[in-house]
Structure formats: structure tokens, C-alpha cells
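[1] Kindly generate the corresponding structure for this input.
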Amino acid sequence: MTSKSILIVDDNPGNMKLLSYLLKLDGYAVKTAANAQQARALLQTFQPQLILMDLQMPGMDGFELTRILKADPNTSHIIILAVTAYAMKGDEQRALAAGCDGYVTKPIDTRTLPALIARLLAQATASRPAKLGEPTR
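    All right, here's what the predicted structure looks like:
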């Protein structure tokens, strides 16, 4: 089991429930936010390794929230995976330009999403510098 933490930001309760269930089965610690404001408030006390970010939400959308998080030194290191119904030509590039580290379209493929998340987390761990006193690889 892993102790990695994930924040799901999605205004659709059904999507949030499915993603939360799927990730908890894989041993992730999961928290949820129904909008950008809830996510920002939660991030004051919770530092996930990865955020599953819905791009199309009322109020502040996932593009803007991603830009804000990536510009903030306290949250810029968090991996952001866009999970969206946006599937038009250029939407993936737009998400990546906003700062997302990956892009997945809805409906979610529950067979491949956990492997993608594990790969993104492993890449981030492998590329992060060792902390003082931490054994090197």
C-alpha cells in the first residue's frame, strides 16, 4: 500500500465518488473539493502529491486554478492531472500550457488511470532532489 495523497477537484459528485473509490482501492489517501475555492482552502492544510483537476467548473475553472497553483511556491511542486470532458483539438495543449502535468479525458478509463497516476508519482519522486540527511539512490 502507498501513503501518497491525492486531491480530487471536480464539481460532479458522481465523478468525484468514482475517482475517490478507485484511488482509495489502490491505497491512496484521498480528499475532495467541489470547486476551486474549496480546493484552495483545503490546500492551506493539506499538501497532496497529485491533484486530479476538472477543467470545466463554475466560477474559477481548472485552467485558472492550475495557473494559480503552479505560480505559488507552496503548491508549484504538486502534480496536476487534468481530468476533463474537454476533448476538442487543442484542449490538451491548452491544459498543458496552463501548467497541467498530464491530461485524461472523460469518461475515465478505470483500468488505465491508476497506472498513469502511479507513473506520474514515480517520475516526480525520481526527479526530486534528495533532502538533507536522506539516503541517496
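[2] Let me know the distance separating Q123 from A33.
    Q123 is 24 Å from A33, where distance means CB to CB, to the nearest Å. The way it works is simple: take the backbone N, C-alpha and C, and place the C-beta from them, glycine included.
[3] So for the two, which residue has more residues nearby?
    A count of neighbours by other CB atoms under 10 Å puts A33 above the other of Q123 and A33, at 24 against 12.
[4] show me what contacts the more buried one?
    7-9, 39, 41-42 (CB atoms under 8 Å, 6 or more residues apart in numbering).
[5] Apply 7 Å and report the result again.
    A33 sits next to 7, 9, 39, 42 when contact means CB atoms under 7 Å, 6 or more residues apart in numbering.
[6] taking the residues you listed one by one, which sit in strands?
    7, 9 (DSSP state E).
[7] Of the contacts of A33, which pair is most distant in space?
    Farthest-apart pair in those is V9 and L42; separation 9.0 Å (CB to CB).
[8] mind checking how far the most centrally placed residue in the chain is from V9?
    In the chain, the residue lying closest to the centroid (CA atoms, centre = their mean) is I51, at 1.8 Å. Distance, I51 to V9, by CB to CB: 6 Å.
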